[in-house]
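Q: what follows is a protein structure lacking sequence information:
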């Protein structure tokens, strides 16, 4: 255990989460600068595909944290649902979007 009372395993999962968030931030910036369908010079993948890839990697880091008990999926879901209720009030250009047609939660995330 360290000065911050985190075990090495917890620190490693947090580092993975932080790295994944940085990659998502970079991918979002690339889409804003170049558009979804452009491609980096060194890749055949579009910026959309690269964004999807890093979001998938982010989800892996979250699943590891759920599985280890670092964070509770039910608490994350509660905050997610609350944000769903309020986010449309904060946005100005989403008139064509129906109220949250999110991808259903994964079966592995559901409690039976």
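A: Arrived safely, thanks for sending. None of these values were measured; they are calculated from a predicted model.
Q: what's the neighbour count on residue 63?
A: As a burial measure, residue 63 scores 14 neighbours (other Cβ atoms under 10 Å). The way it works is simple: take the backbone N, C-alpha and C, and place the C-beta from them, glycine included.
Q: for it, give me the pLDDT.
A: Residue 63 carries a pLDDT score of 97 in this model.
Q: ok, now residue 33?
A: Value for residue 33, per-residue pLDDT: 98.
Q: from residue 5, how far out is it?
A: 40 Å (Cβ to Cβ, to the nearest Å).
Q: got it, and residue 13?
A: The value you get for residue 13 to residue 5, if Cβ to Cβ is used, is 15 Å.
Q: look at the two and report which has more neighbours.
A: residue 13 (20 against 7).
Q: wait, doesn't that one sit right on residue 62?
A: No - applying Cβ atoms under 8 Å, one finds residue 13 not in contact with residue 62, separated by 9.6 Å.
Q: count of neighbours near residue 84?
A: Neighbour number of residue 84 under other Cβ under 10 Å is 12.
Q: what's the pLDDT at it?
A: Reported pLDDT for residue 84: 80.
Q: helix or strand for it, which one?
A: When elements are assigned from DSSP states H and E, residue 84 belongs to helix 73-90.
Q: packing partners for that helix?
A: helix 47-68 (3 or more Cβ pairs under 8 Å, 6 or more residues apart in numbering; DSSP states H and E).
Q: pull the distance from the helix it packs on to the chain's centre.
A: Distance of helix 47-68 from its chain centroid, counting by Cα atoms, centre = their mean, to the nearest Å, is 6 Å.
Q: pull out the buried residues from that helix.
A: For helix 47-68, burial by neighbour count (16 or more other Cβ atoms under 10 Å) applies to 47, 50, 51, 54, 58, 61, 62, 65, 66.
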